[in-house]
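Participant: Requesting a structural model of the entry that follows:
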Amino acid sequence: MQHNHPVDDAVPNDPALAGLRSQLATQENVLCTLVVDLDQQLRFAEGLLALTDRRLLARGPQGEWSSWPLLGAADGPAAGLALRHFDHAGVGTLELCDAHQRLASWRFTLAVNVQARRLVRLFVQQQALARADAPAAASPADPQQSPAEEVALCPECDLPLPPDTEECPACAREQHTPPSTWVLLRLWRFAQPYRYQLLAGFLLTLASTAATLVPPYLTIPLMDDILIPFQNGQQIEPGKVGLILGGLLGAAVLGWALNWARTYMLALVSERIGADLRTATFDHLLELSLDYFGGKRTGDLMSRIGSETDRICVFLSLHALDFATDVLMIGMTAVILFSVNPWLAVVTFLPLPFIAWMIHVVRDKLRTGFEKIDRVWSDVTNVLADTIPGIRVVKAFAQEKREAQRFREVNQLNLAANDKLNKTWSLFTPTVSLLTEIGLLVVWAFGIWLVSRQQITVGVLTAFIAYIGRFYGRLDSMSRIVSVTQKAAAGAKRIFDILDHVSNVPEAVQPVKIGALQGRIEMKGLGFRYGNRSVIRGLDLQIRPGEMIGLVGHSGSGKSTLVNLLCRFYDVTDGTISVDGTDIRRFAVADYRRNIGLVLQEPFLFFGTIAENIAYGKPGATRADIVAAARAAHAHEFILRLAQGYDSLVGERGQGLSGGERQRISIARALLIDPRILILDEATSSVDTETEKEIQRALDNLVQGRTTIAIAHRLSTLHKADRLVVMDRGQVVEVGPHDELMARQGHYWRLYEAQARQVDSEGDNLETEASRIAQATSRLAHIAQHAAQQAGNP
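Facilitator: Sure, this is the predicted structure:
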């Protein structure tokens, strides 16, 4: 949609837009403005871009103005004009190009990325309108040139959509659509293995329901043949009385036994369905790529697998059973009612249309309400999942009150969502009860009139009232089940949102078997994007078997992304990664990753023993293998100093161990699986010098005979690397040994010199501080000596 604002409206009195009015021609309208905040050297400097209905205007950091018309002659400077947008490592770029060259470019932080996309969108649309209004500008060689078609854009991010699709791949995300009750039918895939038990449960339900309908029928002879004749002076037949009472007792006992059997059987089945659902969801969750977990909160996923499956299990074991019983009871009761007296049966069904209408109206409100409650409850669990693991940080910064307030706020939102839903539910249930009571009164009135006309007996009316009590009771129960059903439907939708998600790292259809890997790695034309942000572009690299490569570069240059692609945590957007000549996407994911050892900057240890953590990648390892790996990782000595040695429990995330101890256990874990490819991601960056030496000795054992890729910001830790690969903005800019790269005085030399100056500066600061301490100590000693002399010579 175009926004053709007059110039006075489009250019407010903003200092950032100063001078724009003076550049505008008469009747020229400003469509969009963008304040860019970086210069070409990525220093903070303010510039301005303005799109009008005629041209693109730009003001540089020094106040100079430039402009480019949207359209020009076929061979003029505006022919084929295009405005391109891309970003990398937190910096956005706009480039203005014609058919032959780049005319200008602007840099900005991603804080204004949305406005930049809007500027590009309006630029494309305004060019299309300008071409449509100026057909004479078409090229003589192409007189039939048609106006440019309007580009379809994503409503979320304003990026062009792929042809023949309405989904933007850059921002495709889980949509919060209201759950449908029909989603519960998808649970059949989990119930199918227990179909025979479910059939037996259905038959038991049918039999128990029939047994409960016997007593009201026996009240007809009890009233008409025994009680009323006895009241009129006739004798009671004891045999007949015993037979009727025995029938009532037998029906009660039989109904109890059948109810117990069906409840127990269906409860067992529902628990197994719930367990299978939890297992399938967790298994599928583990198969998803890291990309999925990057957009999810831990508390939300825990809530889905835990509370949502429990809710579904309760629904299946109790309420679904009650619903089936209610349907059978209503159906069988309706048959009996019509067989006893059709007119009374018709009167009985008078409240049904009103109850059905209320259920239809309330069901939609309950459905959306329960899904909102689920999302709000996930926010509550997210706060807990954030705060409890980070309790040391909370206490260190004295933020207990802040976290408590954050919890109170989300808890209040949960309370408000429940209160809103309870308003609807609290009105619905009593209304259904009122309608059934009114229906019962109408049946009483009509029944008394029929008795007075001698069309039915008192016994028939009594039995009818008993059946109606069961009928309306089951109707009221079914109306209450509406709430539980919508809760289960909302939970099932959140579960199937996980199960329906397809991993971005798919398994190969016919995976190639992995033999003994040599560790030769080849990357060709590698490209990767995080959503719409380009991280790696056109990267080529070859690594020989057994070679140690050091990855260096500024933060955000793409080093960690490159090793994530090598581990297949993500799949490349462009190009290929091959190991021993085979594209890694042709290997089975699990088989391929078993050949990769990963040592992270922040090692993660699970709750369990030291031995279990070391053997995590190889659960069947013997104690001798575990000890050998620990010795090679220089961890054996400190493990033996623990109270239980290798059987000592490690706290959650390795609490109770120092950073260096956790890192050495992580190295032992990598050693035990004997990987052919080893990745070290800042393995020594967060420890002191002495601990670093211990870890470095362990790493020396780990890298022997393995293809190793090491990432380090401290370049001094990579002195043993065979080659150094220098990355900048997602591309390899230099490759070679340390001495060769230093001689070139390029990117690596600048990084090394910058670190050396920093170390020298820190050393000078330490020397200065030491000198000050020495001088202060000398002065204190002099003062003390002088005081002692004064005390000796009063």
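Participant: quick check, T281 in a helix?
Facilitator: Yes: the assignment for T281 (DSSP: H, G, I helix; E, B strand; the rest coil) places it in a helix.
Participant: Name all residues that make contact with it.
Facilitator: Neighbouring residues of T281 by C-beta atoms under 8 Å, 6 or more residues apart in numbering: R304, I305, T309, I495, I498, L499. C-betas here are computed from N, CA, C, even on glycine.
Participant: What about the second one, how many residues nearby?
Facilitator: Spelled out, that is I305. I305: 18 surrounding residues under other C-beta atoms under 10 Å.
Participant: separation between it and Y616?
Facilitator: 22 Å (C-beta to C-beta, to the nearest Å).
Participant: One more: the first one?
Facilitator: Summarising the geometry, the distance separating R304 from Y616, computed by C-beta to C-beta, is 25 Å.
Participant: Tell me the helix or strand right after the helix or strand of the chain with the lowest mean pLDDT.
Facilitator: Ranking every helix and strand in the chain by mean pLDDT, DSSP states H and E puts helix 7-10 at the bottom, with a mean of 40. Sequence-wise, the next helix or strand downstream of helix 7-10 (DSSP states H and E) is helix 20-23.
Participant: Which neighbouring elements make contact with that next one?
Facilitator: Using 3 or more C-beta pairs under 8 Å, 6 or more residues apart in numbering; DSSP states H and E, the elements in contact with helix 20-23 are strand 44-52, strand 55-59.
Participant: Quick check: buried residues in the last one?
Facilitator: Buried positions in strand 55-59, judged by neighbour count with 16 or more other C-beta atoms under 10 Å: R55, L56, L57, A58, R59.
Participant: With neighbour numbers in mind, choose between R304 and Y616.
Facilitator: Shown here are R304 and Y616; by other C-beta under 10 Å, R304 has more neighbours (22 against 18).
Participant: residue ranges with poor pLDDT in the stretch 251-400 of the chain?
Facilitator: Residue ranges of the stretch 251-400 of the chain with pLDDT under 70: 294-295, 317-318, 321, 363-364, 367, 371, 389, 392-393, 396-397.
Participant: in it, which spans are helices?
Facilitator: 290-294, 298-303, 309-314, 320-340, 342-348, 352-387, 391-396, 400-452 (DSSP state H, counting those that start in this stretch).
Participant: Would you mark the buried spots in the shortest one?
Facilitator: Applying a neighbour-count criterion of 16+ other C-beta under 10 Å, the buried positions in helix 290-294 are Y292.
Participant: hmm, who's touching it?
Facilitator: H501, S503, N504, N564, F569, Y570.
Participant: picking that back up, for W256, which of the helices and strands packed on helix 20-23 is the nearest?
Facilitator: Each of those has some distance to W256 by C-beta to C-beta; the shortest is strand 44-52, at 79.9 Å.
Participant: Strand partners (parallel or antiparallel) of the closest one?
Facilitator: For strand 44-52, the pairing partners within the sheet under DSSP bridges are strand 30-38 (antiparallel), strand 55-59 (antiparallel).
Participant: could you dump it to CSV, C-alpha only?
Facilitator: Presented in CSV, the C-alpha positions along strand 44-52 are these (Å, rounded to 0.1, in the frame of the first residue of the first chain):
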residue,chain,number,x,y,z
PHE,A,44,28.8,5.4,14.3
ALA,A,45,27.8,8.3,12.0
GLU,A,46,24.4,9.5,11.0
GLY,A,47,23.2,9.6,7.4
LEU,A,48,19.8,9.7,5.7
LEU,A,49,18.0,8.0,2.9
ALA,A,50,14.7,9.3,1.5
LEU,A,51,12.5,7.7,-1.2
THR,A,52,10.2,10.0,-3.1
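Participant: contacts for that strand?
Facilitator: Outside strand 44-52, the residues that touch it by C-beta under 8 Å, 6+ apart are 16-17, 20, 23-24, 28-39, 56-61, 94, 106, 119, 122-123, 126.
Participant: tell me which residues in it are buried?
Facilitator: G47, L48, L49, A50, L51, T52.
Participant: Among these, which one lies nearest to K524?
Facilitator: Checking the buried residues of strand 44-52 against K524 by C-beta to C-beta gives L49 as the nearest, at 37.0 Å.
Participant: related to what we said a few turns ago, distance to G246 and mean pLDDT added to the helices and strands packed on helix 20-23, as TSV?
Facilitator: Listed next are those as TSV, based on distance: least, C-beta to C-beta, whole Å; pLDDT from 0 to 100:
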stretch	distance to G246	mean pLDDT
strand 44-52	93	86
strand 55-59	97	90
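Participant: mind checking which of the ones you listed is nearest A670?
Facilitator: strand 44-52 (42.5 Å).
Participant: which SSE is L598 in?
Facilitator: L598 belongs to strand 596-599, assigned by DSSP H and E.
Participant: Compute the inter-axis angle for the helix or strand where G246 lies and helix 320-340.
Facilitator: Element membership of G246, judged by DSSP H and E, is helix 238-287. If you take axes from the mean of the first three to the mean of the last three C-alpha atoms, to 10 degrees, helix 238-287 sits at 140 degrees to helix 320-340.
Participant: Tell me the secondary structure of R84, please.
Facilitator: Applying three-state DSSP: R84 is strand.
Participant: can you list the weak-confidence ranges in the stretch 501-650 of the chain?
Facilitator: Ranges of the stretch 501-650 of the chain meeting pLDDT under 70: 531-532.
Participant: could you show me where the strands are in it, in order?
Facilitator: Here the stretch 501-650 of the chain has its strands, by DSSP state E, counting those that start in this stretch, at 521-530, 533-543, 548-553, 574-579, 582-583, 596-599, 608-609, 649-650.
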